[in-house]
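1. here is my input, please return the structure:
(one chain, ligands or ions: 1)
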Amino acid sequence: MSYDFISLTADPEKLGSALAESDIVTVAMVLVQLTEDLSLLDEIAGYIKGPWDYSVKMPAATQEEIRARLIETVRAYAEEGRDLPPPPDDATLQRMMSVAVGEPVSDDYAAMMREELALHDADPKGVSWHRDPPQERLDTFHVVIVGAGMSGLLSAIKLQQAGIPFTVIEKNDAVGGTWYENRYPGCGVDTPNHFYSYSFEPSHEWTEFYSKRDELHQYFENCADKYDLRRDIRFETEVVSLRYDEASASWDVSISGKDGAEETLRANAVITAVGQLNRPKLPDIPGLDTFKGGAFHTARWDESADLAGKRVAMIGTGASGMQTGPAIAGEVGRFTIFQRSPHWVISNPNYHRFVSPGKKWILEHLPYYARWYRFQLFWGFSDGIHGALQLDLDWPHPERALNATNDRFRANMVRHMERELDGDPELMAKVVPDYPPYGKRMLVDNHWFPMLKRDNVDLITDTIDHIEANAIVMADGTRHEVDVIILATGFHANRMLWPMEIIGRDGENLSDIWGEDDPKAYLGITVPKFPNLFILYGPNTNLGHGGSAMFHGECQVRYTMKCLRDLIEGDYRTMEVRKEVHDAFNERCDAAHEKMVWAHAGVDNWYKNGKGRVFANSPWRLVDYWAMTEAPDPDDYIVR
Ligand code: NAP
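-> Below is the predicted model:
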């Protein structure tokens, strides 16, 4: 495979300075791959103690030597006009991965990582036909995608590449889903951006390691442009119901346009891509509707609201509150934060850092660098943490942590809070959770603790009783008079796919099967009695231990695409998951959750339903889910 080493080496000064701004371990992996000289791995392994680049304690001279050898190597490639070397074998890959993250990576990662690293393939998760389907079969097959957010756009791109006709129905007037809707001050991602992007559409231009909402939204706009998706998207149109028609083996999709005009589309298959977190949940606090000032949810930010100098209340201290609070505390008059229960907060040195020009340049120009960097992020932010979320029955302090590693996380986070709050006993008593780390969604510290120390900020942890025209009133009668209330109170995650009405075979209503809060699906994607319906980011697919929703989305879309390929190539009309397969999967899922932190008795979170069953999160490591969704097993489905 050829690569443009001439451009890479054209400006030696630029290459040298860009390398100096890059991560040395990542550069070392590139060097190993280009030289195929594994001895470097032994030289550097002892210096790498974990998956974080800032933990590397490699002597400066060794770092210099790695950079110099890299420059020499790429020059030789350029001068000799050499092609890239063949990909490493699995054993070498595993060894490289383990050194890159400073801890053993088991061999079950080799296949997944070969794909994720995409060492030689621009789109390894792409799905190709076994044989080209007849054009008339494609012309008469139509897919409706509900939603043009991250998963919906991904599905559209993959259907377009396969030549399968589709229409996307989007309730908003633009693409981007959650990154379009959420505009609260400070809104941004807390998954590393170089991992939070489609694997086949990396961006080397992220301004920050954790970008803000506008840049994320623009990424999706750019994808829609690049793949010319808008002509197949019907904006400001909402799906009201999906109704399966047995006779035609297709779905009737009732949609409602912005002028209220109703229409029914016919679809051979439907992909729902509506997310788990897109229907804001208002708190059930008596009197909220009598409040005379402005009250709005973080995901429905009132951009006309002027908070300067006002008495502002914020109810809720989850991921949205964590970002909103510090972004507005300096501007408002008095800021009163109502916290029902504290979250664990992790500190991340990269969270507020900008990506240097040199690093952007290297990401774009040095072969393999972006892929190895992505892998390091993958490991550090996902499966590397999974073990720490499992209950160790021999661990003596189950009330505060699940196991020794989980307890170490706890101690580190408490130390961070103490440092940030100068050990203030009153605040410490309010902010340290009494449940194990990861029990609720982990938060990344967005200067939260210095905000709490501000003179104009109060953290209230008593119970709210009711709201009046101009005040929030506590159970003990204390009144907090406020002008504006920000509701950072989360989403109706439990009411998955709501408010769409979804009627499957034999008139079965999905909301009757799932009830108020007990959604279940096979692999989170398919449900018995609902043929050719594919759910993205469905039940038990939220990632609570880390990872990237983009990665999971790609697994689900690849699986869905392979289902559609099997349907079309086999000339079948429908495929429906077998009930026993679906039920057995959910039993395995529930059993796996029993030992995990989210099911812990002392934890309240949005992952569990009223009966304590974890319906939102996946209990699996990413590598397990990747393997489960690699391709559909024909035995799991009834095809007709
Ligand atoms: P959330 O995590 O569900 O937090 C809601 C907050 O409101 C909690 O503090 C909750 O308290 C409180 N609350 C809810 N009802 C209340 C009531 N009646 N009275 C008092 N307090 C009440 O919601 P979120 O912060 O919007 O985040 C939801 C999810 O969206 C996150 O977990 C994450 O997956 C995603 N998200 C991601 C990012 C990011 O990438 N940076 C940013 C925002 C959101 P309790 O904890 O006591 O229930």
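
2. quick one, phi psi at the residue most central in space within the chain?
-> Nearest to the mean C-alpha position of the chain, by C-alpha atoms, centre = their mean, lies residue 549 at 2.6 Å. Main-chain dihedrals, residue 549, degrees, to the nearest 10: phi -60, psi -30.

3. renumber starting at 289 from here on
-> Sounds good: first residue 289 from here, last item residue 837.

4. how near is it to residue 738?
-> Relative to residue 738, residue 837 is positioned 29 Å away (criterion: C-beta to C-beta, to the nearest Å). For every residue, glycine as well, the C-beta is placed using N, CA and C.

5. what do you get for residue 642?
-> 20 Å.

6. what's near enough to touch the residue in the stretch 739-888 of the chain positioned nearest to the ligand?
-> The ligand sits closest to residue 778 of the stretch 739-888 of the chain, with a gap of 2.5 Å, by C-beta to the nearest ligand atom. Counting by C-beta atoms under 8 Å, 6 or more residues apart in numbering, residue 778 touches 565, 568, 569, 604, 606, 608, 894.

7. was I right about the second one contacting residue 587?
-> Yes. Using C-beta atoms under 8 Å as the test, residue 568 is close enough to residue 587 to be in contact (4.8 Å).

8. what is in contact with these two at once?
-> The contact sets of residue 568 and residue 587 overlap at residue 779 (C-beta under 8 Å, 6+ apart).

9. the two - which one has more neighbours?
-> residue 587 (22 against 18; other C-beta atoms under 10 Å).

10. residues in contact with that one?
-> Residues near residue 587 by C-beta under 8 Å, 6+ apart: 466, 469, 470, 472, 566, 568, 608, 779.

11. can you pick the most crowded of these?
-> residue 608 (26 neighbours).

12. surely that residue is in a helix?
-> Yes. Counting by DSSP: H, G, I helix; E, B strand; the rest coil, residue 608 is part of a helix.

13. which residue does the stretch 789-928 of the chain have closest to the ligand?
-> The minimum distance from the stretch 789-928 of the chain to the ligand, using C-beta to the nearest ligand atom, falls at residue 894 (4.6 Å).

14. next, that residue: secondary structure please.
-> With three-state DSSP as the basis, residue 894 sits in coil.

15. what's around the residue lying closest to it once chain neighbours are set aside, how many residues?
-> Using C-beta to C-beta, 6 or more residues apart in numbering and skipping the chain neighbours, the partner closest in space to residue 894 is residue 781 (5.0 Å). When neighbours are defined as other C-beta under 10 Å, residue 781 has 21 of them.

16. what's the local residue count around the closest residue to residue 732 other than its chain neighbours?
-> Using C-beta to C-beta, 6+ apart and skipping residues adjacent in sequence, the residue nearest residue 732 is residue 478, 4.3 Å away. Here the number of neighbours of residue 478 (other C-beta under 10 Å) works out to 20.

17. picking that back up, can you read off the pLDDT for the residue of the stretch 739-888 of the chain closest to the ligand?
-> Residue 778 is assigned a pLDDT of 98 by the prediction.

18. related to what we said a few turns ago, I'd say the residue nearest to the centre of the chain and residue 479 touch.
-> Yes. Taking contacts as C-beta under 8 Å, residue 837 lies within contact range of residue 479: 7.4 Å.

19. and stretch 908-918, which residues are buried?
-> 908, 909, 910, 911, 912, 913, 914, 916, 917, 918 (16 or more other C-beta atoms under 10 Å).

20. follow-up on the earlier one: tally up the residues packed near the nearest residue to the residue of the stretch 739-888 of the chain closest to the ligand once chain neighbours are set aside, please.
-> Spatial nearest neighbour of residue 778, excluding adjacent residues (C-beta to C-beta, 6+ apart): residue 569 at 5.2 Å. By other C-beta under 10 Å, the residues close to residue 569 number 18.

21. go on, residue 877?
-> Residues contacting residue 877 under the criterion other C-beta under 10 Å number 22.

22. for it, what are its contacts?
-> 828, 906, 907.

23. and if we set it to 6 Å?
-> By C-beta atoms under 6 Å, 6 or more residues apart in numbering, the residues touching residue 877 are 828, 907.

24. same question for residue 315.
-> 354, 358.

25. please, which helix or strand holds it?
-> Element membership for residue 315, per DSSP states H and E: helix 312-323.

26. now residue 891
-> Using DSSP H and E, residue 891 sits within no helix or strand.

27. and the residue lying closest to residue 448 once chain neighbours are set aside, how many neighbours?
-> Nearest residue to residue 448, sequence neighbours excluded (C-beta to C-beta, 6+ apart): residue 515, at 6.2 Å. By the criterion of other C-beta under 10 Å, residue 515 has 16 neighbours.

28. cool, and residue 765?
-> 7.

29. which stretches of this protein have low pLDDT?
-> Low-confidence segments of the chain (pLDDT under 70): 289, 340-344, 406-414.

30. around the ligand, which positions in it sit nearby?
-> 477-478, 565, 571-573, 586, 603-609, 611, 628-629, 729, 752, 776-779, 892, 894 (C-beta under 6 Å from any ligand atom).

31. list the residues that contact residue 838.
-> residue 484.

32. tell me if it really is in a helix.
-> Yes. Residue 838: assigned to a helix according to three-state DSSP.

33. any idea how far it is from residue 423?
-> Relative to residue 423, and taking C-beta to C-beta, residue 838 is found at 32 Å.

34. quick one, strands of the stretch 789-928 of the chain?
-> All strands of the stretch 789-928 of the chain, identified by DSSP state E, counting those that start in this stretch, fall at 789-791, 821-823, 863-865, 925-927.

35. residue of the stretch 439-588 of the chain closest to the ligand, please.
-> Closest point on the stretch 439-588 of the chain to the ligand, by C-beta to the nearest ligand atom, is residue 571, at 3.1 Å.
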